[in-house]
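**Q** Sequence first, predicted coordinates after that:
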Amino acid sequence: METAFSITVTLNLKHKKLPYGKFSLGRDKVSSMEIFSMLKGRSGSEHSCSIQMDLTQEITGLPVPIGMIHCSLEELKENVSVISREIFRIAQLEEGEIIPLK
């Protein structure tokens, strides 16, 4: 069974959700969960307009939500840095498999 993990960034606007970014984390659940746990944010949203980050596991092409946080713009900046650093570490230093986005 093919499985892959990713983090999606979504703007929650007044009347709609606007997904606009996605990070592929590879196939390792432990690494993906560790990366997501490093991110800053809150589990609940205080505002109707917010930035949401979702950890998703895709099983045979179907997305299954695993975790969700809401973050500020400043936290998003730090989270993107953490995710990029960890993807680089896994792909380059540990020679792990990161699945390219399609």
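**A** Cool, the structure landed.
**Q** Return the mean pLDDT over whatever helix or strand E74 lives in, rounded to an integer.
**A** Using DSSP states H and E, E74 maps to helix 73-88. Confidence for helix 73-88, expressed as mean pLDDT, is 95.
**Q** And the contacts of it?
**A** Under the criterion Cβ atoms under 8 Å, 6 or more residues apart in numbering, residues 7, 9, 23-25, 31, 34-35, 38-41, 51, 53, 71, 98 lie in contact with helix 73-88. Backbone N, C-alpha and C define where each C-beta goes, glycine included.
**Q** Likewise for stretch 40-57?
**A** Contacts of stretch 40-57 with the rest of the structure, by Cβ under 8 Å, 6+ apart, involve 3-14, 17, 29, 32-33, 36, 39, 63-73, 75-76, 78-79.
**Q** change it to 7 Å
**A** Stretch 40-57 has contacts (Cβ atoms under 7 Å, 6 or more residues apart in numbering) with 3, 5-14, 32, 36, 39, 63-71, 73, 75-76, 78-79.
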